[in-house]
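*Asks:* build me a structure from this.
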Amino acid sequence: MRFSVLASGSSGNAIYIENDQHSFLVDAGLSGRKMEELFASIGKKMSDLDGILVTHEHSDHIKGLGIVARKHKVPIYANAKTWLAMENLVGAIPVEQRFHFDMDSVKNFGSLDIQSFAVSHDAADPMFYVFHENGRKLTLITDTGYVSDKMKGIIQASDAYVFESNHDVGMLQMGRYPWSVKRRILSDVGHVSNEDAAVAMSEVMAEKPTKIYLSHLSKDNNMKDLARMSVEQTLQTKGIIVGEYVDLLDTDANVPTKLVNV
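*Replies:* Take a look at the predicted model:
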């Protein structure tokens, strides 16, 4: 199993996952043209996709979904409430490309099992995914106001995480956003901070080589170096030393990460 975080941030999100038989895209939150560029930069073609898995209906996750689906005739998977919520946002999708992926369920594609789970976000029915193959486990978890015990049970002991580290609380509080937006981000249906993300990480990681990609960083209320430093320091207070068996890696709003094995 291999993956690349094609883009991550408030301006657009997309993650590519493949094994030897199948390939999937989780979200298509950038323009169709930009999605084509991102795929080309990792040497892949969208026409080869077996499906696009949707997490929720916010624009930074579905902006290019309709265009990509229609152009490349890619199947789209989403739960019923998300399909309803994005009905007028993605344009007409042919019925033969519309598939339901229920919350808290597993779909099997050969040796690849994809598990959905609920997160806490201000969308119709937001959910993220865990990919399993041959004992290896990749977790994608962003766009959640907190990480519940149930989520922790599902995502524990993964070999790689794409984990939200959205904001620095101090930067957010002192920043230019109106209070209503700040309150939404800080709420249980907003986004997790660097420190809260690190605490959750410390509670789900196993003592084995683990890659953690810090993702969905706010362009106004966070910085890569700050996020990495904050997460590393918080992990250290929990007895986890970055570099021993845990690697912290960056994601970017415009540049894909390298396609790596899980």
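*Asks:* strands along the chain, start to end?
*Replies:* 2-7, 14-18, 23-26, 51-53, 76-78, 98-100, 106-109, 112-118, 127-133, 136-141, 160-164, 210-215, 246-250, 260-261 (DSSP state E).
*Asks:* in CSV, list the ones you listed along with distance to residue 175 and mean neighbour count.
*Replies:* All C-beta atoms are positioned from the backbone trio N, CA, C, and that covers glycine. Below are the strands of the chain laid out as CSV (distance: least, Cβ to Cβ, whole Å; neighbours: other Cβ atoms under 10 Å):
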stretch, distance to residue 175, mean neighbour count
strand 2-7, 23, 24
strand 14-18, 26, 24
strand 23-26, 29, 24
strand 51-53, 32, 24
strand 76-78, 32, 25
strand 98-100, 39, 13
strand 106-109, 40, 13
strand 112-118, 29, 19
strand 127-133, 26, 22
strand 136-141, 24, 23
strand 160-164, 18, 26
strand 210-215, 19, 23
strand 246-250, 21, 18
strand 260-261, 33, 12
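*Asks:* how much space between the residue lying closest to residue 238 once chain neighbours are set aside and residue 194?
*Replies:* Computed as Cβ to Cβ, 6 or more residues apart in numbering, the closest residue to residue 238 that is not its neighbour in sequence is residue 202, at 3.8 Å. Separation of residue 202 from residue 194 (Cβ to Cβ, to the nearest Å) stands at 13 Å.
*Asks:* over to residue 141?
*Replies:* Applying Cβ to Cβ to residue 141 and residue 194 gives a distance of 15 Å.
*Asks:* what's the burial count for the closest residue to residue 122 other than its chain neighbours?
*Replies:* Spatial nearest neighbour of residue 122, chain neighbours left out: residue 189 (4.3 Å); criterion: Cβ to Cβ, 6+ apart. Neighbour count of residue 189, defined by other Cβ atoms under 10 Å: 16.
*Asks:* residues touching residue 233, list them.
*Replies:* Taking Cβ atoms under 8 Å, 6 or more residues apart in numbering, we find residue 233 in contact with residue 198.
*Asks:* which parts of this protein are helices?
*Replies:* 32-41, 59-62, 65-72, 80-85, 149-155, 169-174, 179-186, 194-204, 224-237 (DSSP state H).
*Asks:* other residues contacting the fourth one?
*Replies:* So that's helix 80-85. Here helix 80-85 makes contact (Cβ under 8 Å, 6+ apart) with 54, 56, 57, 98, 100, 102, 123, 124, 125, 126, 127.
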